[in-house]
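Asker: Using only what follows, build the 3D model:
(one chain, ligands or ions: 2)
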Amino acid sequence: MQVVYSDDELLHNPLNEMTGGEWKPYVESPKRLVSIKNFIDRHPEFEVVDPNDYSLGPILDVHRQDYVCFLQSIYEEWVAEGKPAEACLGETFSLPAMTGKIDPEVVRKTANKSASGKMGYYTCDLSVCFVKNTWRATYASAQVAISAAHRLTEAIVTKDKSQSIYALCRPPGHHSSHQMAAGYCFVNNAAVVTRFLQNYTFEDMNKAKKPYGFDLEAIRKQEFSTGTATENKKILIVDIDYHHGNGTQDIFYDDSSVFYVSLHGFPDYPYFTGSAEETGRGEGIGYNINIPLDPKTTTDAIYLDNLERVLNQQSVVDFEADVVVVSMGLDTWHEDPIAGMKGLVDMNTYRKMGSLIKTSASCNGRPVLFVQEGGYTIEKLGDLAGSVLQVLLF
Ligand code: Q9C
Ligand code: ZN
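Answerer: Ligands and ions are numbered 1, 2, ... in the order given. Purely as a prediction, here's the structure:
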């Protein structure tokens, strides 16, 4: 199985985050990726490949242009205002301005007048911290995901390669929405590849591809052109991260061409979403399934039973997805320092998750793109990822 990975993803390395009223070491550490990469390097069934560069286009098919500008420049603006170079963090959040009484465009303009205003407007918790190379790592993470989508498409076209691929992404993405960074996430990698698979033909993908080389000045000068929907591909997103993927859900909430399914600890971060009552809106009604699970009582058997049930549920099967995107968080493991289901204690459960993804009626025979999300038991991450991927290797 091919694994797309870039060293640039390691460059985002904040010191601390504020969690539960305490300053703690930043849990979403580059060591996570190093650990998975070491595991991959020791197992010859995996082949590590470099990403290519597809520019900002695919990112802008998901995220607002002003938000992408914010991601690119906020750190420099923060430092230019004389604020501490170690950490660019929010100090207020935009809720007080969002009462609906002020024109949202006026709020946006006011927020954009200062670095703290921007942090308050575009971020929503204290797990979002910018350091010098945050955008560089975020850009690399998105290009890793897009490159994996392109390679998977190539495998579909030529039919001679494995029909699944692993995007070893960091920072993760599923808490990020159109104009929002949250929960260690800046760009929603799973959403970006979903739109990329839908909007680009194989020829477009080949045309957009350049060798990867991060160049901030060149990126800033890029035309903010976005793709146009050319193929009506249907994408099933299966989110097995411990946390609810509120960003991904939000992005596709009105959309019947993307089916979002999530199993997650509940109630827990992100605290406001993830209930089973969230089923989609308008055209998207019925294309969003949340399975909230009690982290204290969920066992291996309960988890697998829920995953099996939803992946064989009639509406998901009838959707007839063209491609499956798995938001692969590994933070359901019972030892996870910030998450974890107390009863998920068996490594075989992760093998069975992979096998359900391979064989269930909604996924069977479909190409699968694994996108790395959370997971914080640094030493266990390779085993966990390897277990999920095991049955899909060949
Ligand atoms: N005590 C991902 O797994 N802080 N994000 C939670 C819990 C934020 C998790 C603190 C957790 C975000 C991608
Ligand atoms: Zn998570």
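
Asker: I'd guessed residue 293 sits against residue 268; true?
Answerer: No. Contact criterion Cβ atoms under 8 Å: residue 293 and residue 268 do not qualify, at 9.8 Å. Glycine gets a C-beta too; all of them are placed from N, C-alpha and C.

Asker: Nearest to ligand 1 within the stretch 101-250 of the chain, name that residue for me.
Answerer: residue 183 (3.2 Å; Cβ to the nearest ligand atom).

Asker: close enough to count as contact, that residue and residue 125?
Answerer: Yes. Using Cβ under 8 Å, residue 183 makes contact with residue 125 at a distance of 6.4 Å.

Asker: Regarding this structure, what is its longest strand?
Answerer: If you go by DSSP state E, the chain has its longest strand at strand 258-265.

Asker: what packs against that strand?
Answerer: When contacts are defined as 3 or more Cβ pairs under 8 Å, 6 or more residues apart in numbering; DSSP states H and E, strand 258-265 packs onto strand 235-239, helix 246-251, strand 288-293, helix 300-311.

Asker: Minimum distance to ligand 2: which of these has it?
Answerer: strand 235-239 (9.4 Å; Cβ to the ion).

Asker: what is the rounded mean pLDDT of stretch 213-226?
Answerer: The average pLDDT within stretch 213-226 is 84.

Asker: Mind listing what's buried along it?
Answerer: Across stretch 213-226, burial judged by 16 or more other Cβ atoms under 10 Å covers 214, 219.

Asker: what does stretch 35-54 give?
Answerer: 35-37, 39-40, 46, 49, 51-54.

Asker: just stretch 319-339 next, same as before
Answerer: 319, 321-334, 336, 338-339.

Asker: Which members of those additionally contact ligand 1?
Answerer: Among the buried residues of stretch 319-339, the residues within reach of ligand 1 (Cβ under 6 Å from any ligand atom) are 329, 331, 338.

Asker: what about the longest strand of the chain, near ligand 2?
Answerer: No. Strand 258-265 is not in contact with ligand 2 by Cβ under 5 Å from the ion; minimum separation 8.1 Å.

Asker: how much space between residue 373 and residue 241?
Answerer: Distance, residue 373 to residue 241, using Cβ to Cβ, to the nearest Å: 4 Å.

Asker: what do residue 183 and residue 125 both touch?
Answerer: residue 270 (Cβ atoms under 8 Å, 6 or more residues apart in numbering).

Asker: So for the two, which sits in the more crowded spot?
Answerer: More crowded of residue 183 and residue 125, by other Cβ atoms under 10 Å: residue 183, with 25 against 19.

Asker: contacting residues around the more buried one?
Answerer: By Cβ under 8 Å, 6+ apart, the contact set of residue 183 is 125, 127-128, 172, 175, 243, 269-270.

Asker: returning to that earlier point: can you redo the helices and strands packed on strand 258-265 as TSV with distance to residue 133, mean pLDDT and mean neighbour count?
Answerer: Formatted as TSV, the helices and strands packed on strand 258-265 follow (distance: least, Cβ to Cβ, whole Å; pLDDT from 0 to 100; neighbours: other Cβ atoms under 10 Å):
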stretch	distance to residue 133	mean pLDDT	mean neighbour count
strand 235-239	27	99	26
helix 246-251	22	98	25
strand 288-293	34	99	21
helix 300-311	36	98	17
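
Asker: The least confident helix or strand in the chain by mean pLDDT - contacts with which helices or strands?
Answerer: When the helices and strands of the chain are scored by mean pLDDT, DSSP states H and E, helix 216-221 comes last with a mean of 90. Identification of packing neighbours for helix 216-221 by 3+ Cβ pairs under 8 Å, 6+ apart yields helix 65-80, helix 134-158.

Asker: Adjacent strands (with direction) for the longest strand of the chain?
Answerer: Strand 258-265 pairs in its sheet with strand 235-239 (parallel), strand 288-293 (parallel), by DSSP bridges.

Asker: Take those strands and lay them out in TSV including distance to ligand 1.
Answerer: As requested, the strands paired with strand 258-265 are exported to TSV (distance: least, Cβ to the nearest ligand atom, whole Å):
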stretch	distance to ligand 1
strand 235-239	10
strand 288-293	15
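
Asker: got JSON lines for these, with distance to residue 308 too?
Answerer: As requested, the strands paired with strand 258-265 are arranged in JSON lines below (distance: least, Cβ to Cβ, whole Å):
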{"stretch": "strand 235-239", "distance to residue 308": "12"}
{"stretch": "strand 288-293", "distance to residue 308": "11"}
